[in-house]
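Q: no sequence on this one, just coordinates:
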């Protein structure tokens, strides 16, 4: 029994890349991961206290910290297996549990069992999305994600809450919209739809002048109308995957039909 357990430990070490934790960990990227986890936990506390607006903003802050830790790790060549695992656990809390609880407390409680079941479905699909990403990380393209990333789902939930607060929308319409949104996001996270990752967007390299202008204009819009602009951005990102998939499928069918049309034309020969 002990021998079997030892072999299991050895297999687990090999699966984790053989990283020796005694050699130390990288502080800077993991500090940003901790900040992301802190913001996610604060969002949960704010939700339990009924402060849904602050809970939503905390999820947005957590997203920026989560994006920064990966960027910093790649820029400083401080990526590690420990950081990957820690980041996944932080993401599950900040972008799985926090938005799921926020959606339930804010809009889904009147649906009873359907309400908390929808919130749980969101959380478990987010966990499955993270687990699938971790096991496929060495076998998938770096330019796309397989399924909607869990931060994107959490961001859409948070900005939906903020948008409703801005326009003071209440009643059954809000509750039904959030219920359908939660089911849709859960499906997109575990789907095989490809979403652009923007990982290879190197801001350190030279870019066209219009790119800088576009970023500045976007920042101005976010400062003046953060709820509307952020909701629009997250909605576009959530929809671009299915739309892009349909477009690519139609193009593949059209390209596959072209040789058949050419062969049919050659077989008919010249007319007249």
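A: Received the coordinates, thanks. Source: prediction; values computed, not measured. Numbering: from 1, shown residues only.
Q: ok, and the closest non-adjacent residue to the residue nearest the centre of the chain?
A: Centrality entry for the chain: nearest residue to the mean C-alpha point is residue 149, 2.4 Å, by Cα atoms, centre = their mean. Leaving aside its sequence neighbours, residue 149 sits nearest to residue 195 (Cβ to Cβ, 6 or more residues apart in numbering; 6.6 Å). (Glycine included, C-beta is placed from N, CA and C.)
Q: in the helix or strand where that neighbour lies, what's buried?
A: Element membership of residue 195, judged by DSSP states H and E, is strand 194-196. Neighbour counts over strand 194-196 (16 or more other Cβ atoms under 10 Å) mark 194-195 as buried.
Q: same question, stretch 239-258
A: So for stretch 239-258, counting by 16+ other Cβ under 10 Å, buried means residue 241.
Q: now that stretch: average pLDDT?
A: Mean per-residue pLDDT for stretch 239-258: 84.
Q: over to stretch 163-170?
A: 84.
Q: can you list contacts of it?
A: 52-53, 174, 227-228, 231 (Cβ atoms under 8 Å, 6 or more residues apart in numbering).
Q: let's see it at 10 Å
A: With Cβ atoms under 10 Å, 6 or more residues apart in numbering as the test, stretch 163-170 has contacts from 52-53, 56, 106-107, 173-174, 177-178, 225-228, 230-232, 235.
Q: could you do stretch 240-250 as well?
A: 144-145, 147-149, 152, 188, 191-196, 236.
Q: residue 156 contacts residue 60, correct?
A: No. Here residue 156 lies out of contact with residue 60, judged by Cβ atoms under 10 Å, at a distance of 11.0 Å.
Q: compare these two (neighbour count), which wins?
A: Neighbour count, other Cβ atoms under 10 Å: between residue 156 and residue 60, residue 156 has more, with 23 against 19.
Q: once you drop chain neighbours, what's closest to the more buried one?
A: residue 234 (4.2 Å).
Q: element containing that neighbour?
A: Applying DSSP H and E, one finds residue 234 within helix 226-268.
Q: and the helix or strand that the strand holding residue 195 is followed by, what does it pack onto?
A: Toward the C-terminus, strand 194-196 is succeeded by helix 209-224 as the next helix or strand (DSSP H and E). Applying 3 or more Cβ pairs under 10 Å, 6 or more residues apart in numbering; DSSP states H and E, one finds that helix 209-224 makes contact with helix 226-268.
Q: and the helix it packs on with helix 209-224, angle?
A: 140 degrees (axes from the mean of the first three to the mean of the last three Cα atoms, to 10 degrees).
Q: centre of the chain versus helix 226-268, how much separation?
A: Offset of helix 226-268 from its chain centre (Cα atoms, centre = their mean, to the nearest Å): 22 Å.
Q: ok, now stretch 32-42?
A: From the chain centre to the centre of stretch 32-42 is a distance of 16 Å (Cα atoms, centre = their mean).
Q: now that stretch: buried residues?
A: 32-33, 35-42.
Q: dump those residues to JSON lines, plus pLDDT, distance to residue 212 and secondary structure.
A: Shown next, in JSON lines, are the buried residues of stretch 32-42 (pLDDT from 0 to 100; distance: Cβ to Cβ, whole Å; DSSP: H, G, I helix; E, B strand; the rest coil):
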{"residue": "32", "pLDDT": "92", "distance to residue 212": "25", "secondary structure": "helix"}
{"residue": "33", "pLDDT": "93", "distance to residue 212": "29", "secondary structure": "helix"}
{"residue": "35", "pLDDT": "95", "distance to residue 212": "28", "secondary structure": "helix"}
{"residue": "36", "pLDDT": "95", "distance to residue 212": "27", "secondary structure": "helix"}
{"residue": "37", "pLDDT": "96", "distance to residue 212": "33", "secondary structure": "helix"}
{"residue": "38", "pLDDT": "97", "distance to residue 212": "32", "secondary structure": "helix"}
{"residue": "39", "pLDDT": "97", "distance to residue 212": "29", "secondary structure": "helix"}
{"residue": "40", "pLDDT": "97", "distance to residue 212": "32", "secondary structure": "helix"}
{"residue": "41", "pLDDT": "98", "distance to residue 212": "36", "secondary structure": "helix"}
{"residue": "42", "pLDDT": "98", "distance to residue 212": "33", "secondary structure": "helix"}
